[in-house]
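Attaching a predicted model along with its sequence, questions to come.
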Amino acid sequence: MAADPLSAGLLGGLEPTVELAPGLLLARSFFDAPAQRRLAADVAQAAQAAPFFRPRMPCSGKPFSVLMTNCGELGWISDESGYRYEPRHPATGASFPPIPALALSAWRALAGAAPAPQACLVNYYDAGARMGLHRDADEGDFLAPVVSISLGDDALFRYGGANRSDRTKSVRLRSGDVVVLGGPSRLAFHGIDRIYPATSGLLPQGGRLNLTLRRVSPPP
């Protein structure tokens, strides 16, 4: 039987999947180099239709250090009005482009029996960008996991427990790695402490792309 072309380059079995904490999985080198290039090209194409924008913190309006866009039927938005999901790009007013097929393949391989994701948040980190400790809690369905794909430069990923004050640990993520936050770790606090510049040649401009797939509402 011929291999599924979308699964070609998915190397979840190349290195062991590590359980960093209950429900928090790290699939090392899940995407090989050709698949990383394909997925990065898919993101670049999506950004033509849904340009990157700089989100702002609720109330204060302070800008994030990352740039952001979305794919899927819903996009995650942050501005002075708060955190929320919207069906249209905040600048263009257009619908977001579909979630890349390779990203969906990672969801099917790692999210178990969870229904299909509705949103794929894409964050771009330059060398100075960070993401403070936070948890993905704006969804109406916490049964489905969060699946997070790393592309480009290495990043130091910090994770803790269900409370911000819980003890944290860190692990270095490489291009092609995929992290899954599910079960007891679905609402775990996590963040990106730093980017390691020039550790990958995947992105012409350098930096890191992070694709976060989420189910927003319970299935019908």
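Arrived safely.

what residue ranges in this structure score low on pLDDT?
Applying pLDDT under 70 to the chain picks out residues 1-14.

quick one, what contacts residue 18?
25-26, 28 (Cβ atoms under 8 Å, 6 or more residues apart in numbering). From N, CA and C alone the C-beta is placed, and that goes for glycine too.

If the nearest residue to residue 52 once chain neighbours are set aside is in a bridge, with which residues?
Spatial nearest neighbour of residue 52, chain neighbours left out: residue 67 (4.1 Å); criterion: Cβ to Cβ, 6 or more residues apart in numbering. Under the criterion DSSP bridges, residue 67 forms beta bridges with residue 124.

Make 38 the starting number, not 1.
Yep, numbering from 38; the last one is residue 104 now.

what about residue 104, how many neighbours?
Number of residues near residue 104 (other Cβ atoms under 10 Å) recorded here: 20.

I'd like to know how many residues surround the nearest residue to residue 167 once chain neighbours are set aside.
Take residue 167 and drop its neighbours on the chain: the residue closest to it by Cβ to Cβ, 6+ apart is residue 102, 5.5 Å away. By the criterion of other Cβ under 10 Å, residue 102 has 15 neighbours.

Quickly find the element holding residue 102.
Counting by DSSP states H and E, there is no helix or strand that carries residue 102.

can you check residue 141 too?
Element membership for residue 141 (DSSP H and E) is helix 138-147.
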